[in-house]
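**Q** Predicted coordinates and the sequence they were generated for:
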Amino acid sequence: MSLAKIETRLNDKVRQLRMQGIGKGQEKVITGIRPAANGFGPRYWLEGGGDTAYLRMNANAYLGLGLDPRVIRSESEACDRFGTGPGAVRFISGTYQPHVALEKKLAEFHGREAAMLFSAAYATMLGVLPQLIEQETLVVSDALNHNCIINAIRLAQPARKEVFAHGDLDALNDILSSHRGRFKRVCVVTDGVFSMRGDHAALDRIEAICKRHENAYEQGILTLVDDSHGIGAFGRTGRGTEEVVGGRADVLVGTLGKAFGVNGGYVVSSAAVIAYLRESAPLYIYSNPITPGEAAAALTALQIVDSPEGIELLEKLRRLSLGLRAGLKRLGFETLPGEHPIVPILIRDTAATAALAEHFFAHGILAAGLNYPVVPKGEEEIRLQISAHHTEKDMEYLLEILAKFK
């Protein structure tokens, strides 16, 4: 056997991606973290970066809890008690007390009957959505939904898939109206906060539209929302898009790897839905859970978010986000309104987006340049992501460097 023939083809594909300006390229390796000092937030050292310490504007760590000593200590103490790994899948012998405690707290936090942990939010969507889709199910999806939703729908192979233009709820209404009587069940699936733009779904209106049409489908209409970028980062108490706009998902997916600063994904819903998923979701049944240490760390992070301290962190996050958007407008850059800590700079050109990302890097700022096919053509952008660890001086420095971009 030889890989020579296929390697030639694979190398050609990688070369083509890079020539188009859409290759991911070599990953940057973080080698250390410099603590906050002199009014500036933490800085990050990179392999090959010499003495340069970088301002990190490309992380999902919205509340900075991954560096919180209490969260770190909780993981360390759980490792001392339970070891570093679960050792098995949950139903064999991989369930530990921190898993159960975390699931209970997540259900309480979201006002649901039950919760269930997965190894990642991506795995959660792949594990959950296909189990809620049967042969006579219509799936309706927002055009800008995350890749995990797109692949979960492909995996599910529903009877029919309909995609409505981003945020076009009149189109959603028309889809549900036109398919009355043709399918037994409908699953409407959307992101809560959309990861590339920082805008959010109108869950209250989606819920109202679904209720309007529910009786026309024998098994009703199910709403599934992935609010991984909203939970812990959006809303006065961090309960995400539901808290901001109202509405309530039948099945809500979240992550522990963004605002909570740890790792893993989860789903909350009714007790009946979660009991069914524990018996049917292959990415739960046949895959190890997060470690006991990660579960303990996530529980501590969740307790911080669900406290007066968490409200203060979220208020700081909103203040920095609004201030950065105002600064971008002063400099003449296009962005989107809102309070979410994802702050896009809409460049709308692949080459210019890459040039701005390089400009930031040359001045000690890590920022993600997003080009097609990650975002639609004409929507190319720099995605800035704010953390509660950032400071006003960090934002001033970023805007100062941006003002120098030609």
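**A** Done, it's in.

**Q** Distance of residue 332 relative to residue 380?
**A** Separation of residue 332 from residue 380 (CB to CB, to the nearest Å): 17 Å. For glycine as for every other residue, the C-beta is placed from the backbone atoms N, C-alpha and C.

**Q** got it, and residue 209?
**A** From residue 209 across to residue 380, the span is 32 Å (CB to CB).

**Q** more neighbours, residue 332 and residue 380?
**A** Set residue 332 next to residue 380 and count neighbours by other CB atoms under 10 Å: residue 380 wins out with 25 against 7.

**Q** ok, and the closest non-adjacent residue to the more buried one?
**A** residue 353 (4.4 Å; CB to CB, 6 or more residues apart in numbering).

**Q** Give me the three-state assignment for the one you found.
**A** Under DSSP: H, G, I helix; E, B strand; the rest coil, residue 353 falls in the helix class.

**Q** quick one, what contacts it?
**A** Contacts for residue 353 (CB atoms under 8 Å, 6 or more residues apart in numbering) come out as 347, 369-371, 380-382.

**Q** Take those and keep only those in strands.
**A** The strands, defined by DSSP state E, take in 369-370, 381-382 from these.

**Q** Just the closest of these to residue 97, please.
**A** Residue 97 has its nearest neighbour among those in residue 370, at 40.5 Å by CB to CB.

**Q** where exactly do the strands run in the stretch 301-406 of the chain?
**A** Ranges of strands in the stretch 301-406 of the chain, per DSSP state E, counting those that start in this stretch, are 342-346, 365-366, 368-370, 381-385.

**Q** Same list (those strands) but as a markdown table, adding distance to residue 174 and mean neighbour count.
**A** Below are the strands of the stretch 301-406 of the chain laid out as a markdown table (distance: least, CB to CB, whole Å; neighbours: other CB atoms under 10 Å):
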| stretch | distance to residue 174 | mean neighbour count |
| --- | --- | --- |
| strand 342-346 | 29 | 23 |
| strand 365-366 | 43 | 19 |
| strand 368-370 | 30 | 20 |
| strand 381-385 | 30 | 24 |
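
**Q** Need the ones you listed in CSV (columns: mean pLDDT).
**A** Output for the strands of the stretch 301-406 of the chain, formatted as CSV (pLDDT from 0 to 100):
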stretch, mean pLDDT
strand 342-346, 97
strand 365-366, 98
strand 368-370, 87
strand 381-385, 96
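
**Q** To residue 110, which of those lies closest?
**A** strand 342-346 (21.3 Å).

**Q** Parallel or antiparallel, list what pairs with the closest one.
**A** Sheet pairing of strand 342-346 (DSSP bridges) gives strand 381-385 (antiparallel).

**Q** chain center to the strand it pairs with, what's the gap?
**A** Relative to its parent chain, strand 381-385 has a centroid offset of 14 Å by CA atoms, centre = their mean, to the nearest Å.

**Q** ok, now stretch 336-353?
**A** Relative to the centre of its chain, stretch 336-353 is centred 17 Å away, using CA atoms, centre = their mean.

**Q** Regarding it, how distant is the last residue from the first?
**A** One end of stretch 336-353 sits 16 Å from the other (CA to CA, to the nearest Å).

**Q** quick thing: my sequence starts at 17, can you match it?
**A** Sure thing, new numbering starts at 17, so read that last one as stretch 352-369.

**Q** which element is residue 206 on?
**A** Assessed by DSSP states H and E, residue 206 sits inside strand 201-207.

**Q** other SSEs contacting that strand?
**A** strand 153-158, helix 163-172, helix 185-194, helix 219-229, strand 237-242 (3 or more CB pairs under 8 Å, 6 or more residues apart in numbering; DSSP states H and E).

**Q** Tell me which of those lies nearest to residue 63.
**A** For these, the distance to residue 63 is smallest for helix 163-172, at 27.5 Å, taking CB to CB.

**Q** Pull out the buried residues from the closest one.
**A** Residues of helix 163-172 classed as buried: 164-165, 168-169, 172 (neighbour count, 16 or more other CB atoms under 10 Å).

**Q** nearest to residue 142, of those residues?
**A** Nearest to residue 142, judged by CB to CB, of the buried residues of helix 163-172 is residue 168 at 5.0 Å.

**Q** how about the closest one, what does it touch?
**A** Here residue 168 is in contact with 141-142, 144-146, 205 (criterion: CB under 8 Å, 6+ apart).

**Q** again with residue 48
**A** Contacts of residue 48 by CB under 8 Å, 6+ apart are 60-61.

**Q** And residue 205, by the same measure?
**A** Residue 205 sits in contact with 145, 155-158, 161, 165, 168-169, 239-242, where contact means CB under 8 Å, 6+ apart.

**Q** Could you point out which of the strands of the stretch 317-422 of the chain sits nearest residue 30?
**A** For those, proximity to residue 30 was assessed by CB to CB; strand 384-386 is nearest, at 18.4 Å.
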